[in-house]
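>>> Predicted structure and sequence below. I'll ask about it afterward.
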Amino acid sequence: MKLSQTFIRAASTSAKADNPKFYAMVLDFTRASANILETKLIDDSQIKIGYDNAARSAQHEALKRTAVQKKNDINGIFNHMMPCNTVLETSFRVRMDDGSSQVFSGYRAQHSHHRLPTKGGMRYAPDVDMDEVKALAALMTWKCSVANVPFGGAKAGITCDTKKYSKNELERITRAFTQQLTKHGFLGPSIDVPAPDMYTGEQEMAWMANEYQRLNPTELNASGCVTGKPISQGGVHGRVSATGRGVYHGVDLFCNSKKYMDMVGLTTGLEGKTYVMQGFGNVGFHSSRYFNRHGAKCIGVVEWDGCLFNENGIDIYALDEHKMKTGSITGFSGARAWDESKEGSLIEVECDILGACAKEKVITADNAGRIKAKVIAEGANGPVTPLAHEILVKNKCLVIPDLYLNAGGVTVSYFEWLKNLNHVSYGRLTWEFTRDQNMAILQSVGDSIGKTVTPSADLEKRIHGATEKDIVHSGLAFTMKRSGVKIMETADEYGLGLDIRSAAYITSIKNVYECYKEAGFA
Ligand SMILES: NC(=O)C1=CN([C@@H]2O[C@H](COP(=O)(O)OP(=O)(O)OC[C@H]3O[C@@H](n4cnc5c(N)ncnc54)[C@H](O)[C@@H]3O)[C@@H](O)[C@H]2O)C=CC1
Ligand SMILES: O=C(O)CCC(=O)C(=O)O
């Protein structure tokens, strides 16, 4: 039963070359799920809910509305949730090392203000444009919502090829953009908080934080204007590897579900599974680290300038060293070069898991039918188009979607932001207290049995309170597990089978919808 004509999957309109505009593609996924949710929301308003629930009076109101009125109520909110709320496009001039100057285009899109600050990374790439930034900002809203991270979504980008600029030039570009964001009200710990994304990292975040602090010298919480900073600038332990670590937790959760593994014809667990990794940057490398640590084997790596294959397994640490030294994965001696012009695309080889950790729109209707991996891990944002998604689900491939799977980064960014607002690192206040308490317990046990009880070597290691790293890792693992289980429940409730993307979007849209509905009109 489809009550809404408003949200119709638009994939068919982008069928010809399957190269949809990125923002249209995210809208397409969102609307398809909003469509499914709308029907359920209308039906659900007939169900009796508990007495102590604040929603009860609202539900009584809803019971008086006709189906058409309810549909209009819901669509009124959905229509507000779809577009980007505010966007900034700015051009700014930067002095180059040789004394000349160059003009750059920078963008920031804030998709949804239902929670503030808005949050999302900042990328530097030659093809960055407003469409891309808007798409990524919208994805951030759905990502934060599905992971229960209390931010609205945003994203920034500068159109530039980082390989062409010196470190000093990159610093001036970053500082100039920070000035633009600040001047136009698109940056601040309570307004909008960027983080790393493609071709940006701790260094760019440090420059941004420093420039913002320079412009706002009396702002107490200034360091919370950006996350992903180095520890010395108020960063948190574990942010650099957080996205990859989250990718591992999400993949591990699904790979340990007998139900999902039966659906795709794999045994449970990560142990012994083979994988190909596309994109060997921050997300790809750290995902690989955790996959390997839990027994999976990397047989292929795909980068923009070359591919590597070794069916016996690639030493990803040695490869990382090689990439750090040479700037490329090519020429690595621990695997053979894979020639895509003769051997076909490496992402299409036989393997259990394909890590899509490079960029958007890499799996389209043109190659989706040839993908042999049983699980696709969307570490990147938007790697699969809507048409490709339909083909993959039909071919019994489990696509673990971006909005859930790569939410580890923003989750740990949330922890960093909280640390900045609290002005104290995690664990500092309880470190000694926990040790004293544990020693007192051992003393008490010893007194009651009349012996001296000393801590074992293992207990000695953990006798203090949790470190910042322990807390961050545990908060991340909990978040990924809780959101993953919730998505699985939604998939069951709506009978979605392997369409986990729709399950994640439905879960996420519902949270944002409820937030807007209960907040009322301004
Ligand atoms: N860094 C983070 O915390 C998060 C990143 N993401 C997403 O993950 C993806 C990757 O981001 P990062 O790892 O941070 O960027 P990165 O810049 O560290 O790494 C990207 C890697 O992909 C490679 N690459 C670029 N184009 C490629 C192509 N056509 N084929 C194969 N490889 C290609 C690059 O050479 C680079 O090694 C992006 O979609 C980003 O939006 C998502 C969530 C958080
Ligand atoms: O850490 C953050 O705030 C955002 C990370 C990000 O850009 C993303 O998840 O795509």
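The structure has been received and is ready for your questions. Ligands and ions are numbered 1, 2, ... in the order given.

>>> Centroid-wise, who is the farthest residue in the chain?
Within the chain, residue 450 marks the point farthest from the mean C-alpha position, 53.8 Å out by CA atoms, centre = their mean.

>>> Quickly list the domain ranges of this protein.
Per the record, the chain has its domains at 1-82, 86-235, 242-430+466-522, by automatic domain parsing.

>>> and residue 260, how far is that from ligand 1?
23 Å (CB to the nearest ligand atom, to the nearest Å). (Each C-beta comes from the backbone N, C-alpha and C, glycine too.)

>>> Need the pLDDT of that residue.
In this model, residue 260 is scored at 98, pLDDT.

>>> tell me the mean pLDDT over stretch 190-208?
Averaged over stretch 190-208, pLDDT sits at 98.

>>> buried set for that stretch?
Buried residues in stretch 190-208, counted by 16 or more other CB atoms under 10 Å: 191-200, 202, 204-208.

>>> for the residue in the stretch 151-300 of the chain that ligand 1 sits nearest to, what are its contacts?
With CB to the nearest ligand atom, the shortest gap between the stretch 151-300 of the chain and ligand 1 falls at residue 281, namely 1.7 Å. By CB atoms under 8 Å, 6 or more residues apart in numbering, the residues touching residue 281 are 198, 357-358.

>>> again with residue 485
Residue 485 sits next to residue 253 when contact means CB under 8 Å, 6+ apart.

>>> Okay, and it sits in which element?
In this assignment (DSSP states H and E), residue 485 forms part of helix 468-493.

>>> Following element in sequence after that helix, please.
Sequence-wise, the next helix or strand downstream of helix 468-493 (DSSP H and E) is helix 500-519.

>>> thinking again about what came up before, which of the buried residues of stretch 190-208 lies closest to ligand 2?
Within the buried residues of stretch 190-208, proximity to ligand 2 (CB to the nearest ligand atom) peaks at residue 195, which comes in at 3.2 Å.

>>> residues in contact with the closest one?
With CB under 8 Å, 6+ apart, residue 195 has these contacts: 119-122, 205, 226-228, 409-410, 413.

>>> Check the residues you listed one by one and keep those near ligand 2.
Within the set of the contacts of residue 195, contact with ligand 2 (CB under 6 Å from any ligand atom) is found for 119-121, 227, 409-410, 413.

>>> would CSV of the residues you listed with pLDDT be doable?
As requested, the ones next to ligand 2 among the contacts of residue 195 are exported to CSV (pLDDT from 0 to 100):
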residue, pLDDT
119, 98
120, 98
121, 98
227, 98
409, 98
410, 98
413, 98
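
>>> Mind checking which of the residues you listed are in strands?
Using DSSP state E, the members of the ones next to ligand 2 among the contacts of residue 195 that fall within strands are residue 119.

>>> Sort out for me which of the ones next to ligand 2 among the contacts of residue 195 are in helices.
409-410, 413 (DSSP state H).

>>> Please produce JSON lines containing the residues you listed, extended by neighbour count.
Formatted as JSON lines, those follow (neighbours: other CB atoms under 10 Å):
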{"residue": "409", "neighbour count": "30"}
{"residue": "410", "neighbour count": "26"}
{"residue": "413", "neighbour count": "30"}
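
>>> Convert whichever strand or helix holds residue 301 to CSV, retaining C-alpha atoms only.
Per DSSP H and E: residue 301 is located in strand 297-303. The C-alpha coordinates for strand 297-303 follow below in CSV (Å, rounded to 0.1, in the frame of the first residue of the first chain):
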residue,chain,number,x,y,z
LYS,A,297,42.8,-11.6,4.8
CYS,A,298,43.4,-8.7,2.5
ILE,A,299,43.9,-10.1,-1.1
GLY,A,300,43.7,-6.9,-3.0
VAL,A,301,44.1,-3.1,-2.7
VAL,A,302,42.7,-0.7,-5.2
GLU,A,303,44.0,2.9,-5.4
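
>>> Could you tell me how far that strand lies from the centre of the chain?
Offset of strand 297-303 from its chain centre (CA atoms, centre = their mean, to the nearest Å): 21 Å.

>>> Brilliant, that's me finished.
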